[in-house]
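> Have a look; sequence and predicted model below, questions after that.
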Amino acid sequence: MRFAADISDLELGDYQRAVRLLLRHPLITSTWPDDRALPRVRRFSAQLRRDLAEAFGYRLELHGSTARLVRTADAFDPDRPAVTRSGRPFDRQRYAYLSLCLAVLGRAGIQITLSELADAVGSDANRIAGLGFDPDSGADRRALVDAVGWLEERGVVRLTDGSSASWAGDPAGGEALYDIARDVVFALFRPPRMLHVDSVGALLERPMSRGGNAERRAAAQAARRAVVESPVVYYADVDPDVANHLRGTALPGDLYRLTGLRTERRAEGILLVDTTRLSVEQFPGAGSVAQAAVLLAVEMADRVVDPDGRRVKRMPAPDPRARQRDLIGQIDAGLPAGRITISADAEPGPPGDVEPTGLAQPAAGPAEPDETRYPFITDSFLRDATAGILARYGSAFGAAWHADPERLRTEAVALLHRFGAVIPVPGGVLVRPLTGRYRNTVAQIRQRALV
């Protein structure tokens with residue numbers, strides 16, 4: 001056994017829960033995500049450090065009442081935003097205020113009032129072109145409170161008196177006092193060593209491995225990272241040496257030993273069957289958008305294999321490397337001109353049978369992104385399918401969705417995109433093989449019991 005070598009069979013389930021906990025919550029404190037999480041990690045800290053470093057190239061750090069998993073990033077992912085307590089994704093202003101709050105807390109003592117924090121953040125923000133902070137602006141105050149709320153949820157600060165909501169509504173008549181957890185601040189914000197880069201893309205670069213064994217180890221780590229961090233991994237989207245490890249016999253057993261989750265492999269790719277809520281967002285899942293997404297997947301899968309319909313056009317997928325370049329360009333556009341100074345610490349079961357899903361033309365080996373052609377489904381088809389879903393399952397969707405079917409379609413397609421089932425392109429979507437997994441899904445409406 002390469003992983004969990006010193007863990008007995010009796011403790012293996014608890015160890016696997018600790019691994020899953022760290023993969024889902026890279027920052028764990030005495031209160032986040034709950035008061036039982038940190039003891040679970042500390043119980044197996046030595047073995048976790050070894051296994052997470054060897055399996056994924058991650059670094060586990062423990063400071064006081066804080067555990068932080070420092071991940072190795074292979075690409076920038078725009079689909080994992082920080083969110084407010086109400087579930088709204090952070091915008092640039094909130095991200096900037098969050099960073100400035102951490103910088104201020106790193107210089108503060110053991111307590112701080114919200115007005116003192118706002119003054120310090122405002123002083124820094126007003127020196128940044130295009131940002132600023134106006135204490136008389138309700139929008140600016142709400143954005144700061146959202147950033148502080150994110151920190152409060154994770155135990156960076158703890159409210160001891162007052163209310164942030166009252167301060168946001170009226171800073172003259174409201175106030176909030178916070179205790180500062182310095183070990184958590186240190187885990188999140190630690191910029192003693194600096195490096196100079198011309199683009200944030202440089203944060204993804206690593207020294208070239210020397211020797212065949214080192215290169216194979218790095219490729220195996222990248223393969224395991226891809227499976228635990230992505231809903232589905234397609235062989236066509238990764239480097240050939242990583243694809244070889246994804247196809248190998250060792251990877252499913254290693255991941256099962258570490259996480260207790262089994263993999264599902266097909267001719268086009270591999271996924272980790274998430275039966276324990278490893279990921280924050282679930283698919284299929286509850287809610288109108290998730291239900292509409294599954295039903296749209298069924299409609300698209302049926303359209304692709306319909307022998308009586310018009311032949312579906314197939315198109316190559318956009319180069320994922322181009323998407324990364326565009327994303328890096330968007331990030332770089334918000335950074336100061338010239339050379340950029342960034343903290344170095346910011347760097348961030350047996351297998352199943354292999355069988356094709358029938359929705360994509362499987363490649364014989366690791367293919368370039370433009371060698372695989374996917375079925376193209378038009379926006380007009382998706383609109384008609386959404387209207388049909390609302391008509392057939394009307395009672396399952398609220399009045400707001402019936403009044404705005406275009407929003408339902410847009411959000412359902414976005415969910416399918418986040419989980420690797422489709423690729424949005426101008427005029428429609430490209431259907432990826434994962435969609436075929438839901439081809440035979442049958443939906444039923446549960447009747448509400450009469451009271």
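Received the coordinates, thanks.
> remind me which residues of this structure are low pLDDT?
Low-confidence segments of the chain (pLDDT under 70): 1, 191-195, 207-211, 336-371, 442-451.
> Can you give the domain ranges for it?
Annotated domains of the chain cover 9-70, 92-188 [automatic domain parsing].
> between the ones you listed, which one is nearest to Asp239?
Nearest of the domains of the chain to Asp239, taken as C-beta to C-beta: domain 9-70 at 15.3 Å. In short, each C-beta sits where N, CA and C put it, glycine included.
> tell me how far the ends of the closest one are from each other?
Using C-alpha to C-alpha, to the nearest Å, the end-to-end distance of domain 9-70 comes to 28 Å.
> Same question for stretch 27-44.
Termini of stretch 27-44 sit 16 Å apart (C-alpha to C-alpha).
> can you list the residues that contact it?
Stretch 27-44 is touched from outside by 7, 11, 14-15, 17-18, 21-22, 25, 48, 62, 65-69, 153-156, 158, 181, 184, 187-188, with contacts defined as C-beta atoms under 8 Å, 6 or more residues apart in numbering.
> could the domains of the chain be laid out in JSON lines, adding mean neighbour count?
JSON lines is the format used below for the domains of the chain (neighbours: other C-beta atoms under 10 Å):
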{"stretch": "domain 9-70", "mean neighbour count": "17"}
{"stretch": "domain 92-188", "mean neighbour count": "17"}
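> Now do the strands in the stretch 351-451 of the chain.
Assigned by DSSP state E, counting those that start in this stretch, the stretch 351-451 of the chain shows strands spanning 373-378, 422-425, 428-431.
> Render the CA-only coordinates of the last one in CSV, please.
Pointing back at strand 428-431 there. The C-alpha trace of strand 428-431 is given here as CSV (Å, rounded to 0.1, in the frame of the first residue of the first chain):
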residue,chain,number,x,y,z
GLY,A,428,-25.3,26.8,-28.8
VAL,A,429,-23.3,24.2,-27.0
LEU,A,430,-21.1,21.2,-27.8
VAL,A,431,-22.3,18.1,-26.1
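> Which positions within it qualify as buried?
Neighbour-count burial for strand 428-431, counted by 16 or more other C-beta atoms under 10 Å, picks out 428-431.
> re earlier: okay if I get the domains of the chain as a markdown table plus distance to Gly420?
Below are these laid out as a markdown table (distance: least, C-beta to C-beta, whole Å):
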| stretch | distance to Gly420 |
| --- | --- |
| domain 9-70 | 18 |
| domain 92-188 | 25 |
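> Quick one: closest of those domains to Arg224.
Distance to Arg224, taken as C-beta to C-beta, is lowest for domain 9-70 among the domains of the chain, at 5.4 Å.
> Just give me how far the closest one sits from the chain centre.
Using C-alpha atoms, centre = their mean, to the nearest Å, the mean C-alpha position of domain 9-70 is found 18 Å from that of the whole chain.
> and what of stretch 428-440?
Computed by C-alpha atoms, centre = their mean, the chain-centroid distance of stretch 428-440 equals 21 Å.
> gap between the two ends of that stretch?
End to end - C-alpha to C-alpha - stretch 428-440 spans 23 Å.
> Name the residues that touch it?
231-232, 234, 266, 268-269, 271, 284, 294, 297-298, 300-302, 304-305, 315, 317, 356-360, 374-379, 381-382, 413, 416-417, 419-423.
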